[in-house]
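>>> Got a predicted structure here, sequence first:
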Amino acid sequence: MTEISRLRALCLVASALLLTGCGKEPTPTSKLAQSPTASASATLSPAEKFKEWADTGGSEIVNTIGKDLSAVDKDSHPADLEALKDSCAQLTADLEVAQGGEAMPDRAMASRWVLALKHLKTSAAACTDGANGADQASFDKMAAEMSIGTKHLSAVVKRLSEVTG
């Protein structure tokens, strides 16, 4: 499988998981304005705290990242370097918002979330480098980092699906 084919498969899987697994979907025109906030009471169970995180912006940011990954995939097949510059920049911006957001209350998932954001941000930076320089090595790095990031993100999405029903 070529790196471009692998990247396309990763983007499609990640997008499908993210867009179907999180319960609520933001309106099609909404853009992420702020990070999720958690106001979980100390009396809530871990699952309830996680659900509250999801309900107060967590699901929205996960869905936004999924849409960003879909845009990167669309712009990658066939490769449209100008469009990729925009979709990679949007992914980077939304990942920065997510990284600055409220910590996830579920420790195991918080670790997966941090790793997902880290690897996807590295992937987005490589995407930008590849789009700016038509550099295959950057696209290869993008695919490798996206593979790692989407594995962690898929675990978070699975947990969100379990908690939000």
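In hand now; what should we look at?
>>> Residue 160: neighbouring residues, count only.
24 (other CB atoms under 10 Å). C-betas here are computed from N, CA, C, even on glycine.
>>> Kindly state the pLDDT recorded for it?
For residue 160, the pLDDT comes out at 88.
>>> Isn't it up against residue 60?
No. Using CB atoms under 8 Å, residue 160 is not in contact with residue 60, being 11.2 Å away.
>>> what residue ranges in the chain score low on pLDDT?
Within the chain, the stretches with pLDDT under 70 are 1-42.
>>> ok, which stretches of it are helices?
For the chain, the helices defined by DSSP state H cover 3-20, 46-53, 59-76, 81-99, 107-133, 136-164.
>>> Most tightly packed of those?
helix 59-76 (a mean of 23; mean count of other CB atoms under 10 Å).
>>> Could you check the angle that one makes with helix 107-133?
Orientation check (axes from the mean of the first three to the mean of the last three CA atoms, to 10 degrees): helix 59-76 against helix 107-133 gives 30 degrees.
>>> name the helices or strands packed onto helix 59-76?
Using 3 or more CB pairs under 8 Å, 6 or more residues apart in numbering; DSSP states H and E, the elements in contact with helix 59-76 are helix 3-20, helix 81-99, helix 107-133, helix 136-164.
>>> Give the residue farthest from the middle of the protein.
Within the chain, the residue lying farthest from the chain centre (CA atoms, centre = their mean) is residue 43, at 29.9 Å.
>>> So that residue versus residue 155, what's the distance?
Noted for residue 43: a distance of 27 Å to residue 155, by CB to CB, to the nearest Å.
>>> Contacts only, for the residue nearest to residue 90 when sequence neighbours are not counted.
The shortest distance from residue 90 to any non-neighbouring residue, by CB to CB, 6 or more residues apart in numbering, is to residue 68 (5.5 Å). Counting by CB atoms under 8 Å, 6 or more residues apart in numbering, residue 68 makes contact with 87, 90-91, 94.
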